[in-house]
Every structure is written in C-alpha cells, then in structure tokens.
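Novice: Output the structure for:
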Amino acid sequence: MASGALGAPQSARVQLILEDGSTYPTPGTLQFSDITVDPGTGSVGLRAVFPNPGGTLLPGLYVRARLDEGVATRGVLVPQAAVSRDPKGGATVYVVDPKGKAELRPIQADRTVGDKWLVSGGLRSGERIIVEGLQRVRPGAAVQPSTMVAAR
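Specialist: A predicted model of the protein is given here:
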C-alpha cells in the first residue's frame, strides 16, 4: 500500500465484528498501524475511525477488525502445500505444461493469505499446478492431472 501498488496509504477499509458476531453496519478507515507485533499476544496496534451515529460503539467495547488491504489484480492464490523452496530459499512450484509434463518453475510468493500463498510473479491465471504427490514428481515426468476445486 505504501508503494502505491495496492492503494493509497491510510485508506484501508476496516470492518468491525462485534462481540455477538454481527458486523457493524458502517465501515471505517484505517488511520494508523503500529510496526511492531506484541510477541505475547501476536497482536498489532491499529487506529481506525468509524462513524457512530447510533452510539453502538462504546469505550472498552471488545471488537474484532477485518481490514481490506487492497486487491492484487494480477495475483494468484496457490495452496501452501504446492509451494516448495529451492536450496537458496526461493519459492517454486511444479506446473503441468501443455504436453502433460511436470515443469519446475520459480515464483514470487509475497505473503500468505489464509492457507494459500499470494503469488505475484512466475504464474499466470489458469495454469495448472501440482498440489499432491510432490515427493514423486521430477521435471519432465508425465503427469495425470485431476481437477481440484478451490474453496474460498
């Protein structure tokens, strides 16, 4: 976001989930994010501003926040199980080429999103990757692909 690649700084949309699990109806805006993570709790300090016309939000109210950091329009989500590391630490995946052969490909895996890697380079949308049986796959080996339905 700070580089301008995903959105303007301090413009992340924030959604609140209240104690009862309901969503606060009006989104807020991120104003500040601390750069350190509390090692005891794994939390990061944030400041967000929300309109509060009905007085629902009170001091000391426990809420959870969901931030929309931005959208990587050319990003591809890949299951973490499909990503391996080469001896230099670079991320790689096995891609099924048009001839049905396994091809080892370096990728740029920027960060995790849930149980997937956000890949910003090295893969194109629609390419088939090998997720299971990686211990038996070698570059150039014939592959019998099956379709995996991605859960969101």
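Novice: quick one, phi/psi of residue 129?
Specialist: With angles defined as degrees, to the nearest 10, residue 129 sits at phi -120, psi 160.
Novice: Just give the number of residues close to it.
Specialist: 20 (other Cβ atoms under 10 Å). Heads up, the C-betas are built off the backbone N, CA and C, glycines and all.
Novice: repeat for residue 130
Specialist: Residues near residue 130, counting by other Cβ under 10 Å: 20.
Novice: what about the strands in this structure?
Specialist: For the chain, the strands defined by DSSP state E occupy 13-17, 28-37, 44-49, 64-68, 76-79, 84-85, 91-96, 102-106, 108-113, 116-121, 128-129.
Novice: And this structure, what are its domain boundaries?
Specialist: Using automatic domain parsing, the domains assigned to the chain come out as 13-68, 76-136.
Novice: and those, which is most packed in?
Specialist: Counting by mean count of other Cβ atoms under 10 Å, domain 76-136 has the highest mean neighbour count of the domains of the chain, with a mean of 15.
Novice: Quick one: distance of stretch 62-74 to the chain centre.
Specialist: With Cα atoms, centre = their mean, to the nearest Å as the basis, stretch 62-74 stands 10 Å off its chain's centre.
Novice: outside of it, which residues touch it?
Specialist: With contacts defined as Cβ atoms under 8 Å, 6 or more residues apart in numbering, stretch 62-74 is touched by 1, 5-7, 12-19, 24, 30, 46, 48, 57, 110, 118, 120.
Novice: Would you tell me which of the strands of the chain gets closest to residue 142?
Specialist: Of all these, strand 102-106 sits nearest to residue 142, with 7.9 Å by Cβ to Cβ.
Novice: tell me the average confidence for that closest one?
Specialist: The average pLDDT for strand 102-106 rounds to 95.
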